[in-house]
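**Student:** Need the 3D shape of this:
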Amino acid sequence: KALLFAQFHDIPPGSSIQAAEEGAIRMMDHGLEILTRLRGKAFFWLTGHLKGGDEDHLPVFVYNPHPTDVTDIIEWEFNLSNQNWDEGTTVFDVSLDDRRIPAQVEKEESNINLDWRKRVAAWITPPPGRVTRIECRPRIVKSDPTQDSLPTEKPFLVERENTTVRLQPGTGLIDSIVVEGRELLLGPITPVILNDSHDPWESTNHYFTNFLSRFTLLTPDEARSFCGLPSESPVKSVCRIVEEGEVRTVVEALLKGNDSSIVMRYSFPKNESWFDIDLRGYWNEKSKMLKLQFPTAFTDGEVWGETMFGREQLFYDGKEDVGHRWCGVTDNNYALSVLNQDRYGLNFKAGTLGLSLLRSPAYSALPLEGRPIIREDRFLPRTDQGEFRFRLRVNAGLAEERFTSVQHEAQIFNQRPYALSLFPRGTNKQGSTFIALDNRAVELSSFRFTAERRVEFRLFNTLNKRQECRVEIPSLRVQEDYQLGPYEIVTVEKEVKTDS
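**Tutor:** Sure thing, here's the model as predicted:
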């Protein structure tokens, strides 16, 4: 009900008054809280029969809700059973079914300067539709791998098979993505500020192209002030490596633009060509717009985006448009794709892709002929003020490979496996798969029990060519093959056999 109410036409675009905005957010948070409790209840039920651990083997349980294998960097936090007040810090040997997997300890969310709360990032491939038990064996090392940040004094290069990414420490921006020798960028990926209007509907204009300024690196003194550090604290660099290990390297850059600031964190996995951008913005602009621009080499290219149960070619003349969980730019030989988790506005012109992140018009202001749009005799609050966080995943490669994989990647990026450390009292070492599909191009969009011994599930072919897919539900004794035409949606209802 909360989700349905939130689809009222003035809520998604933010064209209401502030009280309505706050009420809508409160209602959606209510819906999220209900879903969070249901997820927790289901997770504890799924892990109840599994084996716990002890001080020497801390268990972490990872639930993959998808019907296919998922390979990604999974993070979790937990407390050590005892606080470590001695020298050294605790790291972990992480294993799955007695096989060691790459893992690294990173800075935890808390700021208590004690070896107690721990954060781990690991490369994991949890099997489809089940809970997987991970073991973490703690050990003490002399130095803290999360303690010191390293300045990037020369171009930071990430070379992965056929792809090379370059980040410039002098700007804090990525200015080169090369695939098989082909440069895909004509300039740096840059957050920019555009002049906007007071009108939240933007009822007279569908183009946001009035450039004001771009974000640049803070000076060391500005970075010290922005980070809330005392004047005597040394700031070695405002573009620095903040995490380094066998899983990934994370580079942080501190940027400023007009009256606003941005913390850009780039996460480069050690064995994949994609990289993540974690953009934490502190936005203080009025009647302005924040975009993240990708000046690609596809000056005569096409831009595509996800739509409901499909994909479509988007405007290429700079007009504002919508792509759901992903968008991609291509010249039909190479392509650059961007996944997002909550920002779907964009525009494209002459090769430059602009992702729309924030707008700050007045609340519910509408231009009326012959009248000023807002009163100018007092302060008026604006939308989208304060701290915001956006997560993006960028990948580049051959066009066919990118557009074959991007839908599945977007689904995983938005519905990542869920990890939690707990100590159940069961005896089984691993869970069992509920449902599995053998074709990643086919998406399982829904599954439900409709009546006693009857289930209904929906399959979607995400590609423009015919696909075959086998569906297996071991506990219900289901194993069937399906053929789906281009972008076809198939809804299946069937009686099942089960002993429970």
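**Student:** Only C-alpha atoms from now on, for both contacts and neighbour counts.
**Tutor:** Fine.
**Student:** what about the stretch 351-500 of the chain, any weak spots by pLDDT?
**Tutor:** Along the stretch 351-500 of the chain, segments meeting pLDDT under 70 span 498-500.
**Student:** Helices of that one, residue ranges please.
**Tutor:** 399-414 (DSSP state H, counting those that start in this stretch).
**Student:** again with the chain
**Tutor:** According to DSSP state H, the chain carries its helices in the segments 2-5, 18-47, 220-226, 399-414.
**Student:** mean confidence for the shortest one?
**Tutor:** Going back to what we said before, that points to helix 2-5. If you average the pLDDT over helix 2-5, you get 87.
**Student:** For the stretch 251-400 of the chain, which segments are assigned as strands?
**Tutor:** 260-269, 275-283, 288-295, 302-307, 310-313, 321-322, 326-330, 334-340, 345-349, 352-359, 386-398 (DSSP state E, counting those that start in this stretch).
**Student:** for those strands, which one sits closest to residue 178?
**Tutor:** In terms of C-alpha to C-alpha, the element of these nearest to residue 178 is strand 386-398, at 8.5 Å.
**Student:** quick one: strands adjacent to that closest one?
**Tutor:** Paired with strand 386-398 in the same sheet, following DSSP bridges, are strand 275-283 (antiparallel), strand 334-340 (antiparallel).
**Student:** contacts for the shortest one?
**Tutor:** Looking back up the chat, that one is strand 334-340. 184, 325-330, 390-400, 402, 406, 409-410, 413-414 (C-alpha atoms under 8 Å, 6 or more residues apart in numbering).
**Student:** how many degrees apart are that strand and helix 399-414 in direction?
**Tutor:** 10 degrees (axes from the mean of the first three to the mean of the last three C-alpha atoms, to 10 degrees).
**Student:** before we move on, back to that, so which of the helices of the chain is the most packed in?
**Tutor:** Each of the helices of the chain was scored by mean neighbour count; the highest is helix 399-414, a mean of 18, by mean count of other C-alpha atoms under 10 Å.
**Student:** from the middle of its chain, how far away would that one be?
**Tutor:** 13 Å (C-alpha atoms, centre = their mean, to the nearest Å).
**Student:** From residue 137, how far out is residue 444?
**Tutor:** From residue 444 across to residue 137, the span is 36 Å (C-alpha to C-alpha, to the nearest Å).
**Student:** Mind checking which of these two has more residues around it?
**Tutor:** residue 444 (21 against 16; other C-alpha atoms under 10 Å).
**Student:** and the more buried one, bridged to which residues?
**Tutor:** residue 459.
**Student:** so who does it touch?
**Tutor:** Residue 444 touches 66-67, 457-460, counting by C-alpha under 8 Å, 6+ apart.
**Student:** Adding distance to residue 372 and neighbour count as columns, could you present these in CSV?
**Tutor:** Below are these laid out as CSV (distance: C-alpha to C-alpha, whole Å; neighbours: other C-alpha atoms under 10 Å):
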residue, distance to residue 372, neighbour count
66, 53, 24
67, 55, 24
457, 54, 16
458, 52, 15
459, 52, 21
460, 50, 22
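**Student:** So which of these is the closest to residue 282?
**Tutor:** Nearest to residue 282 among the contacts of residue 444 is residue 66, at 34.6 Å by C-alpha to C-alpha.
**Student:** how far away is the closest one from residue 37?
**Tutor:** In this view, residue 66 and residue 37 are 20 Å apart by C-alpha to C-alpha.
**Student:** now swap in residue 48 and tell me
**Tutor:** On the measure of C-alpha to C-alpha, residue 48 and residue 37 end up 16 Å apart.
**Student:** Residue 219 too?
**Tutor:** Using C-alpha to C-alpha, we find residue 219 at a distance of 45 Å from residue 37.
**Student:** on that earlier part again, just the strands paired with strand 386-398: most buried one?
**Tutor:** Using mean count of other C-alpha under 10 Å, strand 334-340 ranks as the most buried of those, with a mean of 23.
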